[in-house]
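Colleague: sequence and predicted model, in that order:
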Amino acid sequence: MSSTRIGSQEPRIAVEPDRIDSDGPDASWLAAQCGLTLDEWQDLVLTSWLGREARDRYASISCGLSVPRQNGKNAILEARELYGMAVLGEKILHTAHRVDTARKSFLRLVKYFEGPDANPDLVELVVSVRKTNGQESITLSNGGSIEFSSRVNGGARGSTYDMVVFDEAQELTDDQMESIMSTMAAAPSGNRQLVFTGTPPSPVSPGTVFRNKREKALSGQDARCCWHEWSVAEVGDVSDKERWYETNPGLGIRLDEEFTESELNTLSREGFARERLGWWSDEEGGNPALSKTKWGECYMNPAPEPTGDERIAYGVKFSADGQGYALSAAARPKDGPVLVECLEVGTTANGTTALANWIIERKGVCAVCVIDGKSNTAALERKLLDGGFPRRALKVASPAEVSAAASMLKDAVDEGGVAHAGQPTLTESAVSAQRREIGKGGGWGFGDGKHPCCPIESVSLAHWGVRTTKRNPARKLRVG
């Protein structure tokens, strides 16, 4: 018996609706006949997905799996799809974020139906195999079929399906989900199932569906959803190998410590925690910059009408790569909270002239404009000064001032000293931003300077500017 250590076969989080039976063992047996032998953890997940309730329908209408990359989740999908097509005669749609990912999934599955390693019983079922890139499909004589599609190319093809797989679910957006859900309204078997597999979303992942699915499963809001997750509750000590084995069921099987160490030495601490330890950044034990609850309490609807005597500041934050920026404003009335708003999230593909001209046009009402970012800051500063923007009203923030701006905004949010109108772009940025270390003195800023952190960073600059400046452009100079 091998003494090689392997990762935990039990997930840290397992939410499973009650079931009276499961097709999981049969599906696992069929996969084994095709040369695909599942690990213990893969069997566990498959058994839950194929669990049946009293009416002989799936106990789980939705199935979620969050596990670090390269552990073997695709084998579970293959076993589930094989059984669904060949035994149950299901019509399946397999979607992925990218075209190449969808095609790789097709190539893994099609080898069971044709070629030298194909299963003879499955070969006899084949009616057609379509290999056109982006339109791959397999159709069987029992009515079962599977189509593969990239969601960026439209996802569904207008057919109806019994089962839809959302691979790379961390990238799945609400719009994509809505367009695909309509294909299941008239599921041929009347027994529908949605499967979501992926890793914790990164700060730049556009999708919200996977995160929402997780929250509803863990809170019990979705009683017909199963969820399995290999993860840590907090970033913690990322070099602790015990935690590697707890979160990677395929470690010692298809992953090894040497490769994991190379990831540790390459990725950021938070990046390693997310990609290899399955850490969800919004879970207790993370390091969020702002309280989601407190930010929500700062929502003001309707926003108060301007009186004309507010002091106004602008904040401009350029992204770390210099390709984008966020422009925000803060208005400080004589009484009440400072009002903040993200005015624009834009690109620097055509330079910064239009941005500079917009600010210059408002030099008569702007008390101060605060700028930050390694790229494009100097260019914008020069254009503003050349355009007649007052030098005393322009501030390029130092690292210490960026840290002070972040801390000041956090305090204002916690104490109700700031108000916003609930802009989706700004709110997403505010509630997803994590702390990043600035210097060695305990200072911190928002996120890593990439979207979606730029909006809240620019707001912090504008807020800091309007709270610290003594300049009032409306004040008239008195003589004598």
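Modeller: On my side now, so go ahead.
Colleague: so, low pLDDT: which residues of the protein?
Modeller: 1-3, 153-158, 183-189, 203-206, 282-287, 302-304, 440-441, 448-452, 475-480 (pLDDT under 70).
Colleague: mind splitting it into its structural domains?
Modeller: 13-275, 292-468 (automatic domain parsing).
Colleague: let me have these in TSV, extended by mean neighbour count and distance to T4.
Modeller: Placement of C-beta: from N, CA and C, glycine included. Below are the domains of the chain laid out as TSV (neighbours: other C-beta atoms under 10 Å; distance: least, C-beta to C-beta, whole Å):
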stretch	mean neighbour count	distance to T4
domain 13-275	18	5
domain 292-468	19	36
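Colleague: can you add distance to A474 and give the ones you listed back as a markdown table?
Modeller: Shown next, in a markdown table, are the domains of the chain (distance: least, C-beta to C-beta, whole Å):
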| stretch | distance to A474 |
| --- | --- |
| domain 13-275 | 39 |
| domain 292-468 | 7 |
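Colleague: for S281, find the nearest of those domains.
Modeller: domain 292-468 (6.0 Å; C-beta to C-beta).
Colleague: out of the domains of the chain, flag the one nearest I6.
Modeller: Comparing those by C-beta to C-beta, domain 13-275 comes nearest, at 3.7 Å.
Colleague: what's the offset of the closest one from the middle of its chain?
Modeller: 17 Å (C-alpha atoms, centre = their mean, to the nearest Å).
Colleague: got a list of contacts for stretch 24-38?
Modeller: By C-beta atoms under 8 Å, 6 or more residues apart in numbering, the residues outside stretch 24-38 that reach it are 43, 46-51, 75-76, 78-80, 82-83, 86-87, 112, 117, 119, 121-122.
Colleague: what does stretch 244-262 give?
Modeller: The contact list for stretch 244-262 (C-beta under 8 Å, 6+ apart) reads 4-9, 12, 39, 41, 67-68, 70-72, 230-232, 241, 276-278.
Colleague: and the end-to-end length of it?
Modeller: Using C-alpha to C-alpha, to the nearest Å, the end-to-end distance of stretch 244-262 comes to 13 Å.
Colleague: ok, now stretch 9-20?
Modeller: Terminal-residue distance, stretch 9-20 (C-alpha to C-alpha): 23 Å.
Colleague: centre-most residue in the chain?
Modeller: P201 (3.0 Å; C-alpha atoms, centre = their mean).
Colleague: show me the contacts for L65.
Modeller: Neighbouring residues of L65 by C-beta under 8 Å, 6+ apart: V45, K73, I76, V195, F196, T197, G198, W227, H228, E229.
Colleague: sorry, back to before: sort out for me which of the contacts of stretch 244-262 are in strands.
Modeller: Judged by DSSP state E, those include no members of strands.
Colleague: where along the stretch 201-350 of the chain do the helices fall?
Modeller: Listed in chain order, the helices of the stretch 201-350 of the chain (DSSP state H, counting those that start in this stretch) span 209-219, 241-247, 257-266, 269-275, 292-297.
Colleague: can you name every helix or strand that the last one contacts?
Modeller: Taking 3 or more C-beta pairs under 8 Å, 6 or more residues apart in numbering; DSSP states H and E as contact, the helices and strands that helix 292-297 lies on are helix 399-415, helix 424-432.
Colleague: at 10 Å what do you get?
Modeller: helix 399-415, strand 418-419, helix 424-432 (3 or more C-beta pairs under 10 Å, 6 or more residues apart in numbering; DSSP states H and E).
Colleague: what do you get for the fourth one?
Modeller: Taking 3+ C-beta pairs under 10 Å, 6+ apart as the contact definition, the neighbouring helices and strands of helix 269-275 are helix 241-247, helix 257-266, strand 435-438.
Colleague: now tell me what touches that helix from outside.
Modeller: Contacts with helix 269-275, where a contact means C-beta atoms under 10 Å, 6 or more residues apart in numbering, come from 68-70, 170, 199-203, 231-232, 234-239, 243-244, 247, 260, 263-268, 279-281, 286-287, 434-437, 447-448.
Colleague: could you redo the last one with a cut-off of 6 Å?
Modeller: P200, V235, V238, L264, W279 (C-beta atoms under 6 Å, 6 or more residues apart in numbering).
Colleague: on that earlier part again, hang on, the residue nearest to the centre of the chain packs against E168?
Modeller: No - P201 is beyond contact range of E168, at 10.6 Å (criterion: C-beta atoms under 6 Å).
Colleague: circling back to that earlier point, so the nearest residue to the residue nearest to the centre of the chain once chain neighbours are set aside, which state does it fall into?
Modeller: Nearest residue to P201, sequence neighbours excluded (C-beta to C-beta, 6 or more residues apart in numbering): Q170, at 4.3 Å. Recorded secondary structure, Q170: helix (DSSP: H, G, I helix; E, B strand; the rest coil).
Colleague: now do the contacts for Q170.
Modeller: G198, T199, P201, S205, G207, F210.
Colleague: so the fifth one versus A400, what's the distance?
Modeller: In this case it means G207. Shown here: G207 relative to A400, a distance of 36 Å by C-beta to C-beta, to the nearest Å.
Colleague: report the contact partners of K294.
Modeller: K294 makes contact with V413, D414, according to C-beta under 6 Å, 6+ apart.
Colleague: distance of it relative to A412?
Modeller: Taking C-beta to C-beta, one finds K294 at 10 Å from A412.
Colleague: now V368
Modeller: In terms of C-beta to C-beta, V368 sits 17 Å off from A412.
Colleague: that older thread, which one of the contacts of helix 269-275 sits closest to N357?
Modeller: After measuring the contacts of helix 269-275 against N357 - C-beta to C-beta - the closest member comes out as P200, at 41.0 Å.
Colleague: wait, a helix at the closest one?
Modeller: No - P200 is assigned coil when assessed by three-state DSSP, not a helix.
Colleague: touching, it and W280? I think so.
Modeller: Yes - P200 lies in contact with W280 (C-beta under 6 Å); the separation is 4.6 Å.
Colleague: what about the closest residue in space to G144 that isn't next to it in sequence, which helix or strand?
Modeller: Nearest-residue entry for G144: M85, 3.7 Å, with adjacent residues in sequence omitted and distances by C-beta to C-beta, 6+ apart. Assigned by DSSP states H and E, M85 belongs to helix 73-86.
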